[in-house]
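J.: give the three-dimensional model of this entry:
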Amino acid sequence: MDMDSRKTDRLIAGAIAALPYRRPSAGFSARVMAGIAAEAPQPWLTGVLKGAGLIVTAWAAALAFVSARLVYANFADTAALLIQPGGLGQALNLLAARAALVLAKAGSVMSLGLDILSAAAAGLPAWYEIAVAAAVCSAAIAALSHGGRFARQGI
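T.: Next comes the predicted model:
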């Protein structure tokens, strides 16, 4: 090192030492650490997060297994689609168009169903509608919660 760089280093160190700054108050570090410890996750939360991670991993593995079978069954078509220039874009455009068509048809079917129901129940009191809605919800809950029992009985 030459003399100029040593002198420059000393001047910089002296200038930094001469800077006025404030030190934190006494106990500042202890208060910060206490605040961090208060925000630390609870032990039971880490167990829940690990369980959720395992569930997500299991579903991802099941999805990979099912999609591997689908890819293997349609490998020739998929390879031809990927090799053809612009083929993937065309396939995505076709898929988007079909999805839009299905959504439009579903919307029109729902609208037609609501029109039929409102015309059928035009002169009835409001509590009839509430009773029918409760019955439909109860039937849906019963069908979903007892589906395994009915399936085992062959019903």
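
J.: need the pLDDT of the residue minimising distance to the centre of the chain.
T.: With distances taken as CA atoms, centre = their mean, the residue of the chain nearest its centroid is residue 56 (11.0 Å). Note on residue 56: pLDDT of 93.

J.: which of the helices or strands spans it?
T.: Per DSSP states H and E, residue 56 falls inside helix 43-73.

J.: for that helix, what is the distance to the chain centroid?
T.: 14 Å (CA atoms, centre = their mean, to the nearest Å).

J.: helix or strand next in line after it, which one?
T.: Following helix 43-73 in sequence, per DSSP H and E, is helix 75-83.

J.: hmm, who's touching that following helix?
T.: For helix 75-83, the external contacting residues (CB atoms under 8 Å, 6 or more residues apart in numbering) are 71, 87-88, 91. Where you see a C-beta, it was placed from the backbone N, CA and C, and this is true even at glycine.

J.: give the rounded mean pLDDT of the helix or strand just after that helix.
T.: Downstream of helix 75-83, the next assigned helix or strand under DSSP H and E is helix 87-120. Averaged across helix 87-120, pLDDT comes to 88.

J.: so what secondary structure elements neighbour helix 87-120?
T.: When contacts are defined as 3 or more CB pairs under 8 Å, 6 or more residues apart in numbering; DSSP states H and E, helix 87-120 sits against helix 75-83.

J.: look at residue 24 and tell me its secondary structure.
T.: Using DSSP: H, G, I helix; E, B strand; the rest coil, the structure places residue 24 in coil.

J.: so how far is residue 10 from it?
T.: 29 Å (CB to CB, to the nearest Å).

J.: again with residue 99
T.: Residue 99 is 72 Å from residue 10, by CB to CB.

J.: same check, this time on residue 98
T.: 76 Å.

J.: now residue 21
T.: Counting by CB to CB, the gap from residue 21 to residue 10 is 20 Å.

J.: between those two, which one's more packed in?
T.: residue 10 (10 against 4; other CB atoms under 10 Å).

J.: OK, contacts around the more buried one?
T.: With CB under 8 Å, 6+ apart, residue 10 has no contacts at all.

J.: distance from stretch 115-123 to the middle of the chain?
T.: With CA atoms, centre = their mean, you get 38 Å for stretch 115-123.

J.: ok, now stretch 99-115?
T.: That offset, for stretch 99-115, works out to 26 Å (CA atoms, centre = their mean).

J.: alright, that wraps it up for me.
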